[in-house]
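> A predicted structure for the sequence below; I have some questions about it.
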Amino acid sequence: MAPKHISLFATIQKNKKTANIPIIFVTAKKDNDTITNCYVAGGADYLSKPYNEQELFMRVAFHLKLKDDEKKLIYE
């Protein structure tokens, strides 16, 4: 994973308005270190290029539902 992606992710995480947005890393790199770094950085998920569009949509839907369910648990 390129350093610019890490710094962008860090910027998103520092902002109170965007800190809770689940980030899905999409990269052409498929090595174990890159995948591990994506998750260690705090990414919600990882896809390698070329990716299947349907899979991307399903993962986005999954993580949005997960966040919605998390909010429901917190406020109940």
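Yes, it's here.
> Can you pull out the low-pLDDT segments for this protein?
1-4 (pLDDT under 70).
> run the last query once more with 80
1-7, 76 (pLDDT under 80).
> What residues of the helix ranked longest in the chain count as buried?
When the chain is parsed with DSSP state H, its longest helix is helix 53-75. For helix 53-75, the neighbour count (16 or more other Cβ atoms under 10 Å) marks 59, 63 as buried. Yep, even glycine has a C-beta here, placed from its N, CA and C like the rest.
> Now do that helix: which elements does it pack against?
strand 24-27, strand 45-48 (3 or more Cβ pairs under 8 Å, 6 or more residues apart in numbering; DSSP states H and E).
> Can you redo these as CSV, where the extra columns are mean neighbour count and distance to residue 39?
Below are these laid out as CSV (neighbours: other Cβ atoms under 10 Å; distance: least, Cβ to Cβ, whole Å):
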stretch, mean neighbour count, distance to residue 39
strand 24-27, 17, 9
strand 45-48, 16, 7
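> The residue of the chain most remote from its centre and residue 39: what is the separation?
Residue farthest from the centre of the chain, counting by Cα atoms, centre = their mean, is residue 76 at 25.9 Å. Between residue 76 and residue 39 the computed distance is 29 Å (Cβ to Cβ, to the nearest Å).
> And residue 10, by the same measure?
Separation of residue 10 from residue 39 (Cβ to Cβ) stands at 15 Å.
> Give me the distance between stretch 36-55 and the centre of its chain.
Distance, stretch centre to chain centre, for stretch 36-55: 7 Å (Cα atoms, centre = their mean, to the nearest Å).
> give me the number of residues near residue 49?
9 (other Cβ atoms under 10 Å).
> now residue 43
Residue 43, neighbours per other Cβ under 10 Å, totals 17.
> Secondary structure element for it, which one?
Assigned by DSSP states H and E, residue 43 belongs to no helix or strand.
> Could you pull up the residues touching it?
Residues in contact with residue 43 (Cβ atoms under 8 Å, 6 or more residues apart in numbering) are 9, 23-25.
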